[in-house]
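Enquirer: Got a sequence here, can you model it:
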Amino acid sequence: MKLTKKIRSKLGQLKFQHDLKKIKLKREVVSFEAAAKIGLLYDATDERDYEVVKAYVKQIRANYKKDILALGYVDKKVLPPGQFAQYGLDFFTKKDLDFRMIPKDPIVINFINEKFDILVNFNSGKCFPLQYIAAMSHARFRIGRYDKKNMHAYDMMVQITGDPPIKNVIEEIQIFLGQLRNQRS
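Expert: Numbers count the residues shown, from 1 in each chain. The predicted model follows:
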């Protein structure tokens, strides 16, 4: 008997709520300037989004000398031919989720346990596996797009209306991070 996506999602939400109660991590505001290690989450199903994030990672490394890791979720069973893991750019797919749609791949578990100074989720909150990772992350400071249903997943949320391209989301969050830095300096 095959479980429907709706049932799987409901079971995942129940597990998610259970796991959230166990998290006891100290969170704090960390400015972009003070951050040494940054984690990024995004939906990598569209290869163009992967290319934008790849360019952003390269830019941050070159201009700011930050240790940055990006984890993309590809909503398919296998990675498309043009997408492959590189230094600092990892992926997981549908086959890396358990029956409750919770990520189980060691790459994801390591990402969750990584002690990032800042974790940014560029996704709109509609992707449950990315939401789960953001909420469970051991990052000191978690930033995501505003969504009333996902307030538990972030320490700070950025209001971005509509569903703009990831390039625009990155620009908006980068502006926010710059303002945060200026306020703390």
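Enquirer: Report all helices and strands that the lowest-mean-pLDDT helix or strand in the chain contacts.
Expert: Lowest by mean pLDDT, DSSP states H and E among the helices and strands of the chain is helix 166-184, with a mean of 81. Packing partners of helix 166-184 (3 or more Cβ pairs under 8 Å, 6 or more residues apart in numbering; DSSP states H and E): helix 47-64, strand 141-145, strand 156-158. C-beta: built from backbone N, CA, C; applies to glycine.
Enquirer: which sections of the protein are below the confidence cut-off?
Expert: For the chain, the stretches flagged by pLDDT under 70 are 1-3, 181-185.
Enquirer: Enumerate the beta-bridge partners assigned to the residue sitting nearest the centre point of the chain.
Expert: The centre of the chain sits closest to Leu41, judged by Cα atoms, centre = their mean, with a distance of 2.4 Å. For Leu41, the beta-bridge partners are Leu71, Asn121 (DSSP bridges).
Enquirer: Do I have it right that it meets Ala135?
Expert: No - assessed by Cβ atoms under 8 Å, Leu41 is found out of contact with Ala135, at 10.9 Å.
Enquirer: okay, the angle between the helix or strand encompassing Leu130 and strand 141-145?
Expert: Using DSSP states H and E, Leu130 sits within helix 128-136. The directions of helix 128-136 and strand 141-145 differ by 150 degrees, with axes from the mean of the first three to the mean of the last three Cα atoms, to 10 degrees as the criterion.
Enquirer: ok, and what's touching helix 128-136?
Expert: Contact with helix 128-136 is made by 9, 12-13, 16, 19-20, 23, 41-43, 71, 73, 92, 97, 101-103, 108, 111-112, 119, 121, 123, 125, 142, 144, 150, 152-154, as judged by Cβ atoms under 8 Å, 6 or more residues apart in numbering.
Enquirer: are any of the residues you listed buried, and which?
Expert: 12, 16, 41-43, 71, 73, 92, 97, 101-103, 108, 111-112, 119, 121, 123, 125, 142, 144, 150, 153-154 (16 or more other Cβ atoms under 10 Å).
Enquirer: what's around the closest residue to Glu47 other than its chain neighbours, how many residues?
Expert: Leaving aside its chain neighbours, Glu47 sits nearest to Gly82 (5.3 Å; criterion: Cβ to Cβ, 6 or more residues apart in numbering). By other Cβ atoms under 10 Å, the residues close to Gly82 number 8.
Enquirer: All set, thanks.
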